[in-house]
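A.B. asks: no sequence on this one, just coordinates:
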Ligand code: SF4
């Protein structure tokens with residue numbers, strides 16, 4: 001967890017769990033997840049990490065610590081002026097997928113929902129990102145059955161990398177209720193994706209290419225297309241980075 005993260009779209013990060021059961025970015029074919037790479041180096045040897053990346057581990061108490069961080073509402077950010085005035089914006093789960101199957105809903109309720117909704121927690125905006133939106137939607141049903149509404153200040157997000165992974169968006173839209181803010185992190189985008197079906201129902205979109213060893217190309221046209229589509233549907237768009245391999249297609253005049 002860090003109060004002052006370098007991640008451009010938020011002020012801070014917190015991880016109620018560490019480690020993950022994997023995804024298309026961390027599999028037998030590909031090892032490009034940043035959290036997985038850091039765990040390979042520090043897991044089991046450095047305090048605060050899971051023993052191994054695959055061994056998803058609970059870290060109770062971190063959400064309470066984050067809830068106690070100072071209120072940033074109305075404040076200016078020297079390094080990130082686009083966040084000026086907003087409540088402290090906290091990315092939940094950048095080093096893990098806390099919706100991994102081994103994490104019980106009881107833990108997520110006690111650790112995440114409880115601290116997001118305390119008097120201190122309500123001063124902040126919490127952005128919870130998962131590649132398991134189906135499980136996040138099941139968690140919101142679990143809460144509802146227990147008489148708990150999805151917290152207004154807990155935004156629900158999922159990550160998309162390719163056309164095949166866009167089905168996560170339908171599942172994400174089942175999280176919470178009519179007041180829930182749903183966002184996509186399209187990062188890293190590794191191929192052309194058609195978002196037109198979902199954009200009218202989305203509230204925010206983060207976009208970017210891939211960095212690091214073995215990075216796949218990001219076509220600049222994908223950004224300009226998506227900016228145009230987001231404008232059309234009045235969906236706020238945030239370009240995080242183009243990535244380390246950027247391509248530009250020059251179209252011949254018709
Ligand atoms: S779901 Fe997230 S944390 Fe887990 S392997 Fe994929 S990118 Fe990494």
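C.D. replies: Received, thanks. This structure is a prediction, so every number in the text was calculated from the model and none was measured.
A.B. asks: What segments of the stretch 1-150 of the chain are helices?
C.D. replies: Ranges of helices within the stretch 1-150 of the chain are 34-42, 62-67, 105-108, 114-116, 133-145, based on DSSP state H, counting those that start in this stretch.
A.B. asks: Quick one, which of these gets closest to the ligand.
C.D. replies: helix 34-42 (4.4 Å; C-beta to the nearest ligand atom). C-beta here means a position set from N, CA and C on the backbone, and glycine is covered the same way.
A.B. asks: And the contacts of that closest one?
C.D. replies: The contact list for helix 34-42, computed with C-beta atoms under 8 Å, 6 or more residues apart in numbering, reads 18-20, 22, 25-26, 31, 49-50, 52-53, 94-96, 212.
A.B. asks: so which of these also contact the ligand?
C.D. replies: Within the set of these, contact with the ligand (C-beta under 6 Å from any ligand atom) is found for 20, 22, 25-26, 96.
A.B. asks: hmm, which two among these are most spread apart?
C.D. replies: The two members of those with the most space between them (C-beta to C-beta) are 25 and 96, at 13.1 Å.
A.B. asks: So which of the two has more stuff around it?
C.D. replies: residue 96 (25 against 19; other C-beta atoms under 10 Å).
A.B. asks: low-scoring stretches of the stretch 1-150 of the chain, by residue?
C.D. replies: Applying pLDDT under 70 to the stretch 1-150 of the chain flags no residue at all.
A.B. asks: and the gap between the residue of the stretch 101-250 of the chain found nearest the ligand and residue 123?
C.D. replies: In the stretch 101-250 of the chain, no residue comes nearer to the ligand than residue 131, which is 3.9 Å away by C-beta to the nearest ligand atom. Residue 131 sits 28 Å away from residue 123 when distances are taken as C-beta to C-beta, to the nearest Å.
A.B. asks: of these two, who's got more company?
C.D. replies: Counted by other C-beta under 10 Å, residue 131 and residue 123 do not tie: residue 131 has more neighbours, with 25 against 17.
A.B. asks: For the closest residue to that one other than its chain neighbours, name its beta-bridge partners.
C.D. replies: Leaving aside its sequence neighbours, residue 131 sits nearest to residue 23 (C-beta to C-beta, 6 or more residues apart in numbering; 4.5 Å). On the basis of DSSP bridges, residue 23 is bridged to residue 26.
A.B. asks: OK, contacts around residue 23?
C.D. replies: Contacts of residue 23 by C-beta under 8 Å, 6+ apart are 33, 97, 131, 159.
A.B. asks: again, 10 Å this time
C.D. replies: Shown in contact with residue 23 (C-beta atoms under 10 Å, 6 or more residues apart in numbering): 30, 33, 36, 97, 130-132, 159, 161, 165, 168.
A.B. asks: got it, and residue 234?
C.D. replies: Here residue 234 is in contact with 199-200, 203 (C-beta under 10 Å, 6+ apart).
A.B. asks: pLDDT score for it?
C.D. replies: Listed pLDDT for residue 234 reads 96.
A.B. asks: so it, which of the three states?
C.D. replies: coil (DSSP: H, G, I helix; E, B strand; the rest coil).
A.B. asks: Any figure for the gap between it and residue 32?
C.D. replies: Residue 234 is 33 Å from residue 32, by C-beta to C-beta.
A.B. asks: try residue 11
C.D. replies: Applying C-beta to C-beta, the value for residue 11 to residue 32 is 26 Å.
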